[in-house]
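1. can't give you the sequence, but here's the structure:
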């Protein structure tokens, strides 16, 4: 079992992370859509642009879903951190996965020594951020196109690993 690192410290190469994606009536769940990697409005509003993922040994699928409090988020995608880092798209900065302890304005999960705070929600200590999906471009159209290309590549990669399913897994 992993132990959380410091805020924005990279996760270990061998760690597995969970991305909880949206479900929709148009999706048949036998593939991974780039839409599963969209940066939400809340995530875009923060200084550090990243999407939420959870370290698999600290957060179960069910815990991640409960933490998100969105009944439409039931599509589980599991990825290896080292493999995520190997994805390169054009001249974009590389993807990384880093611990994220400031992901929720009202939930304090870990104390300054990275110990879980009594009464915090189960699995919250596994929260991390997939970094590198947001463009540094000042040109809005260019930045949007780059984000879309990065999401497409991440979806292709996730699909090639065949480790995704609708929760609960049958």
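-> The structure has been received and is ready for your questions. None of these values were measured; they are calculated from a predicted model. Residues are numbered from 1 along each chain as shown.
2. For residue 43, pull up the helix or strand it's in.
-> Assigning secondary structure by DSSP states H and E places residue 43 in helix 41-45.
3. got it, and residue 153?
-> Going by DSSP H and E, residue 153 is part of helix 140-161.
4. helices or strands next to that helix in the packing?
-> Judged by 3 or more C-beta pairs under 8 Å, 6 or more residues apart in numbering; DSSP states H and E, helix 140-161 is in contact with strand 73-80, helix 81-85. (Each C-beta comes from the backbone N, C-alpha and C, glycine too.)
5. Show the average pLDDT along it.
-> Mean per-residue pLDDT for helix 140-161: 86.
6. and if you look at stretch 24-37?
-> Averaged across stretch 24-37, pLDDT comes to 83.
7. Run through who's touching that stretch.
-> For stretch 24-37, contacts defined as C-beta atoms under 8 Å, 6 or more residues apart in numbering pick out 19, 21-23, 51, 72, 75, 77, 130, 133, 148, 150-152, 154-156, 158-159, 164-166.
8. And for stretch 150-159?
-> Residues from elsewhere that reach stretch 150-159 (C-beta under 8 Å, 6+ apart): 19, 31-38, 77, 79, 83-84, 87, 89, 92, 95, 132-133, 135, 164.
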